[in-house]
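Colleague: Compute the structure for the input listed below.
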Amino acid sequence: MEKNEIEMKKRVEKDEIPHDEEPEKINYRGIKAMPFIIGNETFEKLGAIGTLSNLQVYLTSVFNMRRISATLLLNVFNGTTNIATLVGAYLSAVPGLHPAHCFPGQKCVGPNSAQMAFLIFGFGLMVIGAGGIRPCNMAFGVDQFNPHTESGKKGIDSFFNWYYFTITFAQIVSLTLVVYVQSNVSWSIGLGIPTVFMLMSCFLFFAGTKIYVMVRPEGSPITSLVQVMVVAFKKRKLELPKEPWIDLFNYVPPKSINSRLPYTQQFSFLDKAAVATPNDRVNPDGSPADPWSLCSSQQIEEAKCILRVIPISLTSVLYHIGVQQQYVVFQALQSDRRLPATKFQIPAASYVVFPMLGLSLWVPLYDRLLVPLARRFTGVPTGITVLRRMGAGIFLTVIESLVGGFVEARRRSMAVGPTSSMSAMWLVPQLGLGGLAEGFNAIGQLEFYYKEFPENMKSVAGAFFFCGSAVSSYVYSLLMAVVHRTTGGKWLPQDLNKGRLDYFYYLVAVLCGLNFVYFVVCARWYRYKGSGDGR
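Modeller: Residues are numbered from 1 along each chain as shown. From the prediction side, this is the model:
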């Protein structure tokens, strides 16, 4: 056996880590940094959601776009926003930058090419802004707490709760106050308010710069994943040792923030990347001299963590389709939106606030009452496992879509004229179920990605959630286009009273049901990070 092989084997058996370099002392400010980070998140969401929440009505009433075209455009925009992402508002009230006002009984003129280009340019600015803040804000907030102390762990849990509350609060304010101003006062003022919120978000974030904890990057985690793939392919013809958990090369950097992971048998073909050969060399500190020729077992297990998450993450696509319900605004427009015994009409776009209300009521109830109760029976610290929580949310999307179909059938049957006599409050049950599904699955997804990804990939973990939402927007747009073409526009026409939107809801329910079955199969196969193979 070569000398370098003997040295590598000794390091594996002894798990040597140099102790001459003490980790740098970090002054965690914890809760002191939260007003700046949470405040930044609040105003960013107020600005972003305030701009987006009423766009369906804006595009159909001001830009004179057809409903199917407006919905398809928003799906593409939402997908692009979540994949790259968001900032600012556009000054659409400037004369000449939107089509001429359309009066009742007058033929509406659609946007010209210049007006459409300006609209897309505004979307593009929002995409750039969102790409920077969305995947990083939660990870940056968690970095402010010491994960190795009890107070730090409690602070992280508290931060998650406040993060979810922030999103909910911003959505409620945007879908009520801002939408009311846009619908009843002025579009220019209504779209200017989110711009001010965005500016306040920037000021508040920079105000806390001096107390933030800045975690230094440890190189590209994506590069590490690619290295494992490349080296495993190069060594694909080698045989694995009989006891890979002992004989594979291993090296853990002394200052790595990643937790040490035990050996797992899943994706065992990757283990060949850690098989040492006579040509492999190691540095004096024990690290491989050429990371493109030899990888450590730790590095491979981190790659496995990412690969295990991917099948689960695919379920988020149909989950988001189930909870989107973009046609609810149009359903509300063709329903009786008056409050009982009053003449006040709820703006159609404000009906999507009900999922937020359901979520804001459910989260504290779940955290304070149901989790302690479930913990007594399951012994799981979080009450139920994160995968079961996600599965419950996916199952609720099936129920939500079925209820949506039943309600739409009732609304259409009661429509004598353009507006149905059915109260728009009948839309609340399906919207409430959507909020409940989000309380289970969306929050569960963020927790799942954050806990299951390697610690140096927190931002990537956050981006995974938004990528799922992004892909769902594209798939939803494609689904609507296919349905619209296949049915000749009979399911999703301009006038919902002449269509069969209920059939579309039932189709989504079937897809969500198949998604639930797929999720159960993946969840039974999944192995949590750090669980090992019982060795």
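Colleague: check which helix or strand covers the nearest residue to residue 477 once chain neighbours are set aside.
Modeller: Distances taken as CB to CB, 6 or more residues apart in numbering put residue 75 closest to residue 477, at 3.5 Å, once the chain neighbours are dropped. Where C-beta positions appear, they are placed from N, C-alpha and C, glycine not excepted. Here residue 75 sits within helix 67-83, counting by DSSP states H and E.
Colleague: I'd like the average pLDDT over that helix.
Modeller: On average, the pLDDT along helix 67-83 is 68.
Colleague: Equivalent analysis for stretch 458-475, please.
Modeller: For stretch 458-475, mean pLDDT rounds to 78.
Colleague: so what's the residue nearest the centre of the chain up against?
Modeller: The residue lying closest to the centre of the chain (CA atoms, centre = their mean) is residue 465, at 3.0 Å. Residues in contact with residue 465 (CB atoms under 8 Å, 6 or more residues apart in numbering) are 316, 442, 445-446, 449.
Colleague: Let me have those residues in JSON lines, extended by neighbour count and distance to residue 324.
Modeller: Supplementary listing: those in JSON lines, determined by neighbours: other CB atoms under 10 Å; distance: CB to CB, whole Å:
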{"residue": "316", "neighbour count": "27", "distance to residue 324": "12"}
{"residue": "442", "neighbour count": "23", "distance to residue 324": "12"}
{"residue": "445", "neighbour count": "26", "distance to residue 324": "15"}
{"residue": "446", "neighbour count": "19", "distance to residue 324": "18"}
{"residue": "449", "neighbour count": "24", "distance to residue 324": "20"}
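Colleague: before we move on, the earlier item: go ahead and confirm the residue nearest to residue 477 touches residue 473.
Modeller: Yes: if you go by CB atoms under 8 Å, residue 75 and residue 473 touch, sitting 4.6 Å apart.
Colleague: Looking at the contacts of residue 465, which are in strands?
Modeller: Judged by DSSP state E, strands contain none of the contacts of residue 465.
Colleague: Where is pLDDT lowest across those?
Modeller: Within the contacts of residue 465, residue 446 has the lowest pLDDT, namely 81.
Colleague: how close does that residue get to residue 59?
Modeller: The span separating residue 446 from residue 59 equals 30 Å under the rule CB to CB, to the nearest Å.
Colleague: where does the residue nearest to the centre of the chain land in three-state SS?
Modeller: Judged by DSSP: H, G, I helix; E, B strand; the rest coil, the three-state class of residue 465 is helix.
Colleague: ok, now how distant is it from residue 312?
Modeller: From residue 465 to residue 312 the distance is 12 Å (CB to CB).
Colleague: Over to residue 273?
Modeller: Distance from residue 273 to residue 312, by CB to CB: 24 Å.
Colleague: more crowded one of those two?
Modeller: Neighbours around residue 273 and residue 312, counted as other CB atoms under 10 Å, are more numerous at residue 273. The numbers are 28 against 21.
Colleague: Can you tell me how far residue 168 is from residue 73?
Modeller: According to CB to CB, residue 168 stands 26 Å off from residue 73.
Colleague: nope, residue 458 is what I was after
Modeller: For residue 458, the distance to residue 73 - CB to CB - is 33 Å.
Colleague: Where do the domain boundaries of the protein fall?
Modeller: Split into domains by the TED database, the chain comes to 30-208, 221-300, 306-525.
Colleague: and residue 282, what are its phi and psi?
Modeller: Phi and psi for residue 282, reported as degrees, to the nearest 10, are phi -120, psi 150.
Colleague: same deal with residue 345?
Modeller: phi -100, psi 130.
Colleague: rewinding a little: can you give me every residue that contacts the residue nearest to residue 477?
Modeller: 326, 473-474, 476-477, 480.
Colleague: one more time with 10 Å, if that's ok
Modeller: Neighbouring residues of residue 75 by CB atoms under 10 Å, 6 or more residues apart in numbering: 321, 324, 326, 472-481.
Colleague: thinking again about what came up before, please identify which of residue 168 and residue 73 sits among more neighbours.
Modeller: residue 168 (23 against 20).
Colleague: Disregarding residues adjacent in the polypeptide, which is nearest to that one?
Modeller: residue 360 is the one closest to residue 168 (CB to CB, 6+ apart), at 4.4 Å.
Colleague: do residue 183 as well
Modeller: residue 347 (4.5 Å).
Colleague: what about that neighbour, how many neighbours?
Modeller: Residue 347: 22 neighbours (other CB under 10 Å).
Colleague: and it, what pLDDT?
Modeller: 76.
Colleague: what does residue 200 give?
Modeller: For residue 200, pLDDT reads 75.
Colleague: Could you check which helix or strand contains residue 343?
Modeller: With DSSP H and E as criterion, residue 343 is part of no helix or strand.
Colleague: how far away is it from residue 353?
Modeller: From residue 343 to residue 353 the distance is 21 Å (CB to CB).
Colleague: got it, and residue 525?
Modeller: For residue 525, the distance to residue 353 - CB to CB - is 38 Å.
Colleague: Pick out whichever of the two has more residues nearby.
Modeller: residue 353 (22 against 11).
Colleague: you'd agree the residue nearest to residue 168 is up against residue 435?
Modeller: Yes: assessed by CB atoms under 10 Å, residue 360 is found in contact with residue 435 at 8.0 Å.
Colleague: Looking at the two, which one has more neighbours?
Modeller: residue 435 (25 against 19).
Colleague: Do you know the pLDDT at that one?
Modeller: 87.
Colleague: Report the secondary structure element holding it.
Modeller: helix 428-437.
Colleague: circling back to that earlier point, shared neighbours of residue 360 and residue 435, anything?
Modeller: Contacts common to residue 360 and residue 435, judged by CB under 10 Å, 6+ apart, are residue 168.
Colleague: Okay, buried residues for stretch 267-284 please.
Modeller: Using 16 or more other CB atoms under 10 Å as the test for burial, stretch 267-284 gives 270-276, 280, 282.
Colleague: Now distance to residue 305 too, for the contacts of residue 465, in TSV please.
Modeller: Output for the contacts of residue 465, formatted as TSV (distance: CB to CB, whole Å):
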residue	distance to residue 305
316	17
442	21
445	16
446	16
449	11
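Colleague: Name the SS class of the closest residue to residue 322 other than its chain neighbours, please.
Modeller: Distances taken as CB to CB, 6+ apart place residue 397 nearest to residue 322, at 3.0 Å, with adjacent residues excluded. In three-state terms, and counting by three-state DSSP, residue 397 is helix.
Colleague: Please verify my assumption that residue 397 contacts residue 323.
Modeller: Yes: because the distance of 5.9 Å satisfies CB under 10 Å, residue 397 is recorded as touching residue 323.
Colleague: So for these two, which residue has more residues nearby?
Modeller: residue 397 (29 against 26).
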